[in-house]
Structures are given as C-alpha cells and as structure tokens.
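A.B. asks: mind folding the following:
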Amino acid sequence: MLVEFVAPDTEPVTDAAVFELADGVLERVASTERPQPNLAVVKMPDVVVPLVDAQTAIVADRLNDPGNLGTILRSAEAAGIDAVVLTPGSVDPYNPKVVRAAAGALFHIPVVEATLDEVRAAGLRLVGTSSHQGESYATADWSGRVAIVMGSEAHGLPDDAPIDQWVRIEHRGRAESLNVAMATTLLAFEATRQRD
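C.D. replies: The predicted model follows:
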C-alpha cells in the first residue's frame, strides 16, 4: 500500500553550472515554440514524508489534462494544501505542460500516486465534488483531516465512488460545470480558510 509522498528539497542550489546558449539553440531544445529565456535540469526530490501527516490534500482522480493538473498544483500550493494525490491513470506530474502550468509550485508541494482507498487508509476523510448532489461547499464542514477529491474532466466522479461526503458548487449562470482546476481552486481555498 502506498501511503507516502515525496516532499521537495527546499535547500537552494548555489553551485549549479550555468551555460549561455548561442542564438537559436534554446528554441531547438525546448519543448515549446516560444520558450521562456531560462531552462533548467533538476534532480527529482528524494525526501520522503508520510501521507498520514497531511491535514488537507487534493486528490485528482484520473485527471488527464496536463494544463489542469499544473493549475491545480499552483492553486494547491497557494492555498496551503499539504499534498496533491494522483490516482492511477492520471497525467504524469512531470509532463512538460504540467511543469509549465504549475509555475514552480511542483517544487514546493508534495505529489504522490495512490488510490482513494489508500488515501482513506492514511486517515483522510474523502470529500467528493458533484454538480448534482451534496451540500454547498460554502456551508460544508471542512474540519479535520480532509482529502478534496476531484474527478476527471470528462466524467467527474462516479456516483458510487468511495466518498465520505459530497459537496457541490452552486451555479448562477447557465454553465453546466466549472473547469476542474477552477473548481479545485475554490474548494482548496475554502477548506484551508475554515481550517485556519
């Protein structure tokens, strides 16, 4: 059973080699058409922290879009979330599009792969999101150790997912649902607001 995540090393690197590239080289080696002016090669983090220490986590269940995952990582770090959990079948957190969309947050928030059952076994209450069931996220109880579970972009969470509590975001306009990254941002900030 996987119940640990890797925490990024926060020690600054002071002895890194710096290379200046000739004109046009960066555009050939980068993965985008118009790359930012800096490129880095970094070591993957290797500090292990138990998931049982997380107070508030976000679980991305079978999330496929790298831009959405990057935005979720950025919002989670900004809101003070302790970890982001990816269920099997989710996009790779080190996908170049995830890294770009995360805008550095990937180096500050732990990311782990685990199933919903493993998250619950670590002692977190699973709060699932739905467009049609549960109470308002604004009046829901976010106390205790909570995992905010977000479903895939195409299908959301199944009604029979092993969820302890369902919440929803009320819509005033005609949109059927919010983008998963935007919905996650609302819930992350509300959960940490109530926790504080």
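A.B. asks: mind giving me the packing neighbours of whichever strand or helix holds Leu69?
C.D. replies: Assigned by DSSP states H and E, Leu69 falls within helix 66-79. With contacts defined as 3 or more C-beta pairs under 8 Å, 6 or more residues apart in numbering; DSSP states H and E, the packing partners of helix 66-79 are strand 56-60, strand 83-86, helix 96-102, helix 180-195. Where you see a C-beta, it was placed from the backbone N, CA and C, and this is true even at glycine.
A.B. asks: from the rest of the structure, what touches the third one?
C.D. replies: The contact list for helix 96-102, computed with C-beta atoms under 8 Å, 6 or more residues apart in numbering, reads 31-32, 66-71, 73-74, 91-92, 106.
A.B. asks: closest one of those to Phe19?
C.D. replies: Sorting these by how near they are to Phe19, with C-beta to C-beta, puts Ser31 at the top with 18.1 Å.
A.B. asks: now the closest one: closest residue in space, sequence neighbours ignored.
C.D. replies: With C-beta to C-beta, 6 or more residues apart in numbering as the criterion, Ser31 has its nearest non-adjacent residue at 4.6 Å, and that residue is Pro96.
A.B. asks: for Asp61, same thing?
C.D. replies: Distance criterion C-beta to C-beta, 6+ apart; nearest residue to Asp61, sequence neighbours excluded, is Thr87 at 4.7 Å.
A.B. asks: residues near that neighbour, how many?
C.D. replies: 19 (other C-beta atoms under 10 Å).
A.B. asks: ok, now which ones touch it?
C.D. replies: Under the criterion of C-beta under 8 Å, 6+ apart, the contact partners of Thr87 comprise Val59, Ala60, Asp61, Arg62, Glu113, Ala114, Thr115, Leu116.
A.B. asks: how about a cut-off of 6 Å?
C.D. replies: Asp61, Arg62, Thr115 (C-beta atoms under 6 Å, 6 or more residues apart in numbering).
A.B. asks: of these, which is the most crowded?
C.D. replies: Neighbour count (other C-beta under 10 Å) singles out Asp61 as the most crowded of the contacts of Thr87, with 25 neighbours.
A.B. asks: where exactly do the strands run in this protein?
C.D. replies: 4-7, 47-50, 56-60, 83-86, 111-113, 125-129, 135-136, 146-150, 165-168 (DSSP state E).
A.B. asks: export these as TSV, with columns for mean pLDDT.
C.D. replies: Supplementary listing: the strands of the chain in TSV, determined by pLDDT from 0 to 100:
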stretch	mean pLDDT
strand 4-7	40
strand 47-50	55
strand 56-60	96
strand 83-86	94
strand 111-113	91
strand 125-129	95
strand 135-136	94
strand 146-150	97
strand 165-168	94
